[in-house]
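Chemist: I need the structure of the sequence given here:
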Amino acid sequence: MTRFPFRRFAFGTLRRLLYLWVRSETINQSSFTLNLDRSRPVFYVLQSPSASDLAVLDTECTKAGLPRPVLPVAVGDRVEPAAFFYLTPAPDWLGRQDKRGAPPTLERLIAAISQNAEEDAQIIPVSVFWGQSPASESSPWKLLFADSWAVTGRLRRLVSILILGRKTRVQFSAPIHLRELVAQNKDHERTLRMAQRLLRVHFRNLKAAVIGPDISHRRNLVKGLIHDSQVRQAISEEAERQNIPLAKAEAQALRYGNEIASDYTYTAIRFLEVVLSWFWNKIYDGIKVNHLEGVQQIAPGHEVIYVPCHRSHIDYLLLSYLLFRNGLTPPHIAAGINLNMPVIGGLLRRGGAFFMRRTFKGNPLYTAVFNEYLHTLFTKGFPVEYFVEGGRSRTGRMLQPKTGMLAITLRSFLRSSRMPIVFVPVYIGYERVLEGRTYLGELRGASKKKESIFDIFKVIGALKQRFGQVAVNFGEPIRLAEFLDTEQPGWREQDHGPQFKPHWLHETTHRLGAQVARHLNEAAAINPVNLVALALLSTTRLALDDAAMARVLDLYLALLRKVPYSPHTTLPEGDGRALIDHVKAMDLLSEQSDALGKILYLGEQNAVLMTYYRNNVLHIFALPALLASFFQSSARMSREQLLRYTRALYPYLQAELFIRWSVEELEGVIDQWLAAFVEQGLLRVENEVYQRPAPSSRKFVLLTLLSRSINQTLQRFYMAIALLLNSGQNTLTAEALEDLCTIMAQRLSILHGLNAPEFFDKSLFRHFIQTLLDQGVLRRDTDGKLGYLEGLGELAEGAAKRVLPADLRLSIRQVALHRSDEAFQGS
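Modeler: Model prediction:
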């Protein structure tokens, strides 16, 4: 280009004119700059000829300090007139394109490198997106002018620039080294074809990841569902069961399809982006995104299923917004049918939501249509999002996974695994959740209210309060094929026909759900509110003096830095004093001053609400807190004793809190924590015997506070065992024991002043009982009554003496004995 002054002048003029209107930005720049070798020649490749794309590329390279594509570059003895080329030739004015032939520049580069063993050239694929949208029917403007899978002619590109030029995004990909291709010692023609194929696949996968796969519009998609063999069979069975004409059953299936299917439109996505940008800036101090690079790398060529934790109705809005802003396709989102309300439902549907009923039971036709719709999305490569917890967590804990959507996903993958599926856990951590006020009543024991997205708008009148920051952490992806290889090694050889229902599917789905939950917890974002809540809720009076609070927080931060929970967990910035100031500014922490200094405490309302934020990170502190609790009743313990008691209790903590470490990893992790305790002065060690500090020391107070964070969980375990033992062998069903545990926990919370509503959460007792059954400690007889292992009482009492105060153990035994006496008198 530089050899021709007129072309150089024309290009410069075009670029200046273009940027009177166009605004561009580079996304995912770090992914290629880290691997770029500045000492080697750099060439850029665009998918198809476009002077406007080249002008945008040249501008972004100038802004980023990269070699410009329009300047000459030397490769060996040859000087190329420009550092760019197009993969495919230019289309004619009607948009027709001939993809035969190879780019001359690429041919010359491969020839030059083949002739000189010291030479190399880096090829950077570059994609320019003038607006982002999948091909959907709803917006005629979008269909005509936004980036899609249609071939783009010159006239269409001109109008696209005029309409979408203010939203232009450039994505540079990791460089391809031609030396690596030439080194495979194939002839010139084969190397050239290999390079072309590599670039074509790259552009196709990247385009699918950014604007979505090439799908038919919604009307055709829904109509196509009823032609699937399984749906046809369900239609026939519905007509026979209801004694109605086949056409009427088909019409019902179509109604189901229209009720379910999203109506993904670019107009709605752009509208939501504008509205949500204002909303986040108005409500929150900022959004921190961590580990997104892994998703950007894995998205091309994979069916991505986002599985976020569910704390607020804005979870799905926030995730879609962040993905769109970072050059990834917003997913199709599974939403409850209760959100399909006038206006709101339509907007959510156009933003990618598809709606599902709370139960499919008794409606096989609906089940068949829904399964086929989801299978269509999976096989066409559209990203999907659903919440494995089902509903929002009202307690702040990770809820037990609901495996319905996972089972549908597994069956779909077994039916057609041509598109590799990867689950991407997304942890969304709030310093203050928007629905906090609506959760307060439920945290205090009130019955659960029906979910409504209008819960979000209830906070609009309270915008004066600060909501702090939001952290969005992307966790370690789970590749479904690799998971199945581990769980069911022979799954690939099995017949996966339409009627395939393997006996192992149920258990495998539950294990997949547990793994997703663990990966979500691994990506936890620890924030100042979490740590302050953890510290103050571990005190007797929910109060600490200012200096003591700072010491506790500094200790927690030091321990977490010494023994990181996982590579995907993030910590807050600053020291303990900075964390206190941050939480005080959010009006979650009260202060009282006297002559001796400041006392920080939790008011009644905040004390209940802070249990929610403590529970967000309880899984991270469970193991160190358990180790600390052993030293509340014992001054000295050997390493062997610590390992033995921890192994006995750990499976129940792990099952309830979805802690990441397996039993096989436990010993090494325990050693790490013990070493951290010794380093911080919480323990002393000699000949593998650990000794606590003097009870009057400041270090012992810190050790005690850490131990108390897990006390209520251990108390619930002891309650269930005490009630079971006092009732005797084969006298209680699991349901009866669950009810008794809940009543006993409510009673003890009053007697001991426990201000923690999840202490008497029935679902936690239900899961603990199930874990006892899974571990073989309990067994059911033919009548469903629970029997237990001989010696359970001795084992439970021995462990309880190590971790629970004597007065609390006595109180639990008295309440359990009182219940047994009442039962005896009643009989």
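Chemist: Which parts of the stretch 601-750 of the chain are strands?
Modeler: Taking DSSP state E, counting those that start in this stretch, the strands of the stretch 601-750 of the chain run over residues 636-638, 684-686, 689-691.
Chemist: List the pairing partners of the second one within its sheet, with orientation.
Modeler: Applying DSSP bridges, strand 684-686 is found paired with strand 689-691 (antiparallel).
Chemist: related to what we said a few turns ago, can I get the strands of the stretch 601-750 of the chain in a markdown table with distance to Tyr86, mean neighbour count and mean pLDDT?
Modeler: From N, CA and C alone the C-beta is placed, and that goes for glycine too. Listed next are the strands of the stretch 601-750 of the chain as a markdown table, based on distance: least, Cβ to Cβ, whole Å; neighbours: other Cβ atoms under 10 Å; pLDDT from 0 to 100:
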| stretch | distance to Tyr86 | mean neighbour count | mean pLDDT |
| --- | --- | --- | --- |
| strand 636-638 | 71 | 15 | 95 |
| strand 684-686 | 67 | 12 | 95 |
| strand 689-691 | 68 | 17 | 97 |
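Chemist: Now do the contacts for Leu702.
Modeler: Arg551, Val552, Leu555, Leu682 (Cβ atoms under 8 Å, 6 or more residues apart in numbering).
Chemist: from those, which is closest to Ala102?
Modeler: Nearest to Ala102, judged by Cβ to Cβ, of the contacts of Leu702 is Leu555 at 63.9 Å.
Chemist: If you count contacts, what does the helix or strand that contains Leu786 end up packed against?
Modeler: Leu786 is part of strand 786-788, with elements assigned from DSSP states H and E. Contacts defined by 3 or more Cβ pairs under 8 Å, 6 or more residues apart in numbering; DSSP states H and E place strand 786-788 against helix 711-727, strand 778-780.
Chemist: how about a cut-off of 7 Å?
Modeler: Secondary-structure packing of strand 786-788 (3 or more Cβ pairs under 7 Å, 6 or more residues apart in numbering; DSSP states H and E): strand 778-780.
Chemist: Give me the sheet partners of the strand it packs on and which way each runs.
Modeler: Sheet pairing for strand 778-780, using DSSP bridges, gives strand 786-788 (antiparallel).
Chemist: The partner strand - what's its average pLDDT?
Modeler: In this model, strand 786-788 has a mean pLDDT of 94.
Chemist: what does stretch 513-526 give?
Modeler: Averaged over stretch 513-526, pLDDT sits at 98.
Chemist: Against which helices or strands is the helix or strand where Thr59 lies packed?
Modeler: For Thr59, the element it lies in under DSSP H and E is helix 51-64. Packing contacts for helix 51-64, counted by 3+ Cβ pairs under 7 Å, 6+ apart, involve helix 5-18, strand 24-27, strand 42-46, strand 122-130, strand 168-172.
Chemist: do you know which of those lies nearest Tyr256?
Modeler: Tyr256 sits nearest to strand 122-130 of all the helices and strands packed on helix 51-64, at 34.9 Å, using Cβ to Cβ.
Chemist: when you compare where that closest one runs with where strand 42-46 runs, what's the angle?
Modeler: Orientation note: strand 122-130 sits at an angle of 40 degrees relative to strand 42-46 (axes from the mean of the first three to the mean of the last three Cα atoms, to 10 degrees).
Chemist: Show me what strand 122-130 is in contact with.
Modeler: Residues from elsewhere that reach strand 122-130 (Cβ atoms under 7 Å, 6 or more residues apart in numbering): 32, 36-37, 40-47, 53, 56-57, 147, 160-161, 164-165, 168-173, 175-178, 199, 202-203, 206-207, 210-211.
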